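Undergrad: model this:
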Amino acid sequence: MKNKGEILASILKEFKECYFFLHNTKEFSVVEKIMNEGFIFENQLPHSSDRVNPNEPIEVTYFLFQRKDYGTFTMILAFPRDIYEKYSAISNSLDTGIEEVMTITDPYFGDNDELMYTVSPKHVLGYFNIKTSEFFRNVNWDPGYDNTLYRKPVKRPVKPDRQE
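TA: Residues are numbered from 1 along each chain as shown. The predicted structure follows:
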């Protein structure tokens, strides 16, 4: 019998050639908002999510165990490798964070004086219900979506009262 991490890893393997980031939440209303409006995160994507490799089911299992207190809904961000590598190349050429490239909105300073970014709902594959071991795909997910065609990336903004 497979554990929940193995089940999720086998689901993610079906979406070949993607990089996956997972984030847990407690409220289903938050799940719906993320799938429809995008994933808002602070400062850097790895601060709000964990990158996992579905070819390493133990990694996915470990994530689910470590983050279980954050909620039973695991949000799945899925970036096709070619798109993610394009974002990364642009980030390197502009000498800025990849968040500046992948965000669909202009970054803004949040309550903690950290920059806030938004990943498009077209990069939100769906969610996994840990209690039922069910996967629900986001109808908005688009493996061909490239937000650099719609928003020109810029250098990381500096808060007006800070010096570089």
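Undergrad: Going by C-alpha atoms from here, please, whenever you check contacts or count neighbours.
TA: Noted.
Undergrad: ok now the longest helix belonging to the chain, how far from the chain's centre?
TA: Determined from DSSP state H, the single longest helix within the chain is helix 81-94. Centre-to-centre, helix 81-94 and its host chain are 15 Å apart (Cα atoms, centre = their mean, to the nearest Å).
Undergrad: same deal with stretch 103-116?
TA: Counting by Cα atoms, centre = their mean, stretch 103-116 comes out at 16 Å from the chain centroid.
Undergrad: same check, this time on stretch 48-68
TA: Here stretch 48-68 shows a centroid-to-chain-centroid distance of 13 Å under the convention Cα atoms, centre = their mean.
Undergrad: how about that stretch: buried residues?
TA: Neighbour-count burial for stretch 48-68 flags 49-54, 57-61, 63-64, 67-68 (criterion: 16 or more other Cα atoms under 10 Å).
Undergrad: my guess is S133 meets K4, correct?
TA: Yes - between S133 and K4 there is a contact under Cα atoms under 8 Å: 6.2 Å.
Undergrad: more neighbours, those two?
TA: Per other Cα atoms under 10 Å, whichever of S133 and K4 has more neighbours is K4, with 21 against 14.
Undergrad: That one: what's it in contact with?
TA: By Cα atoms under 8 Å, 6 or more residues apart in numbering, K4 lies in contact with 61, 64, 130, 133.
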